[in-house]
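In: test case, fold it:
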Amino acid sequence: MLASIPDRENDMNFRFALVLLFGCSLLGGCATSSFVRDSTAPGLPADTDNRYDAVAGRESAVIAPLRAAPAPAQAELLAGRTPAADQELLTPQAYVLVGNSRHARDDDAARAWIARQGQAIGADKIRWYAQSGGGLTAAYFVRLRLVFGATFRDLNANERQAWPAGGVRLGEVVGDSPASRANLRPGDIVTALDRQPVNDRAKFQQLLREHMGRTVELDVARGSEPLRRKVQLGRTFGETP
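Out: Numbers count the residues shown, from 1 in each chain. From the prediction side, this is the model:
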C-alpha cells in the first residue's frame, strides 16, 4: 500500500492560505485541501508504485500564468523535515503547495520519478519524506506572484468587541509584496479599503478583486493606533508592481 500524506493545510489556528490571484477560493484564504488527479496537465502516468495528485484548483493549467518566474529546468529537490514544517517555512516566501506524490519504494528510482514529475509540472521546489512503513511521499511547490501578499482572517469574538463594525486581522506578511512594501504587519486590523468598510474576510476578498492593479488606501488599526496605508495591489495574472 502507498503511504498517505496527512492533510496539514488547516492544522494551525493562525495559518491561512496566501492571498493569491487564481480564483475566489484562494484569494482570501479559503482554499480547500482536497486533492485530485491532474489528468489534464503534463505529468508522468500513475502506476502501482508512483502516483501524483494535484491540489484541487492548483492544477498546472491554472498555476502557469501566475508564476513569479518561468519554471526552472530542474526543481530544487531536498529531503524535507515534515510536511507541516516545510509548508510553514515556504508559505511566507510565496511558495504554494500544488501537489503531492506517493511512492511504494524508498530508492533512487522513486527519487528520479519525483524529479521527473517536478520537471513535468514545473515545480520550483520539492521536498521528499521517508515513511516509517517504507516508501516515500513528496510535496511539490511553485512560487507565485501576489495580489496583496498577506494572509487574513475574520475577527474573533474578543476582537469584535473592540471593532464592532468588523474588519480582518492580518497574519503572515510576505516579503517584497504589496503588503510588506506598505509596511503592513502581522496583527494589523484592516477596517476599510478606499473608505469602504471591510466587514469581514468575504468583503475584503471582494474589494481586493475589484481593485487589482490599483493603488488603494487601507484604514488599519495597529493596537490602539489608527493608521492609513497606501497599497499598490498586484494586477491580473498575479503581477506585482
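In: distance from the top helix by length along the chain to the middle of the chain?
Out: For the chain, the longest helix by residue count, based on DSSP state H, is helix 108-121. Helix 108-121 sits 23 Å away from the centroid of its parent chain (CA atoms, centre = their mean, to the nearest Å).
In: the domain parsing of this protein - what is it?
Out: Here the domain assignment for the chain is 24-143, 150-238, based on automatic domain parsing.
In: what would those look like in CSV with mean neighbour count and mean pLDDT?
Out: Just so you know, the C-beta spots here come from the backbone N, C-alpha and C atoms, and that holds for glycine as well. Below are the domains of the chain laid out as CSV (neighbours: other CB atoms under 10 Å; pLDDT from 0 to 100):
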stretch, mean neighbour count, mean pLDDT
domain 24-143, 18, 83
domain 150-238, 17, 91
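In: this protein: strands as residue ranges?
Out: 35-36, 50-55, 76-79, 95-103, 125-130, 136-143, 150-154, 168-173, 189-193, 196-197, 215-222, 225-232 (DSSP state E).
In: got JSON lines for those strands, with distance to L207 too?
Out: Formatted as JSON lines, the strands of the chain follow (distance: least, CB to CB, whole Å):
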{"stretch": "strand 35-36", "distance to L207": "30"}
{"stretch": "strand 50-55", "distance to L207": "26"}
{"stretch": "strand 76-79", "distance to L207": "36"}
{"stretch": "strand 95-103", "distance to L207": "22"}
{"stretch": "strand 125-130", "distance to L207": "32"}
{"stretch": "strand 136-143", "distance to L207": "25"}
{"stretch": "strand 150-154", "distance to L207": "12"}
{"stretch": "strand 168-173", "distance to L207": "10"}
{"stretch": "strand 189-193", "distance to L207": "4"}
{"stretch": "strand 196-197", "distance to L207": "6"}
{"stretch": "strand 215-222", "distance to L207": "8"}
{"stretch": "strand 225-232", "distance to L207": "11"}
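In: ok so, going back, helices or strands up against the longest helix of the chain?
Out: In terms of contact count using 3 or more CB pairs under 8 Å, 6 or more residues apart in numbering; DSSP states H and E, helix 108-121 is assigned the packing partners strand 50-55, strand 76-79, strand 95-103, strand 125-130, strand 136-143.
In: send the alpha carbons of the first one over as PDB?
Out: Spelled out, it's strand 50-55. Written as PDB, here are the backbone C-alpha positions of strand 50-55 (Å, rounded to 0.1, in the frame of the first residue of the first chain):
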ATOM      1  CA  ASN A  50       4.100   6.000  -8.000                       C
ATOM      2  CA  ARG A  51       1.200   8.400  -8.100                       C
ATOM      3  CA  TYR A  52       1.000  12.200  -8.300                       C
ATOM      4  CA  ASP A  53      -2.100  14.200  -7.100                       C
ATOM      5  CA  ALA A  54      -2.600  17.900  -7.700                       C
ATOM      6  CA  VAL A  55      -4.300  20.100  -5.100                       C
END
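In: related to what we said a few turns ago, for the strands of the chain, which one sits closest to W113?
Out: Among the strands of the chain, strand 50-55 comes nearest to W113, with 4.9 Å by CB to CB.
In: next, the angle from the closest one to strand 136-143.
Out: Angle of strand 50-55 versus strand 136-143, following axes from the mean of the first three to the mean of the last three CA atoms, to 10 degrees, is 40 degrees.
In: what lies in contact with the longest helix of the chain?
Out: Residues outside helix 108-121 that contact it (CB atoms under 8 Å, 6 or more residues apart in numbering): 38, 41-44, 49-50, 52, 54, 60, 73-75, 77, 98-99, 101, 103-104, 123, 126, 128, 135-136, 138, 140.
In: if I look at the closest residue to R58 other than its chain neighbours, how far off is E159?
Out: Among residues not flanking R58 along the chain, V98 sits closest, at 4.6 Å (CB to CB, 6 or more residues apart in numbering). In this view, V98 and E159 are 33 Å apart by CB to CB, to the nearest Å.
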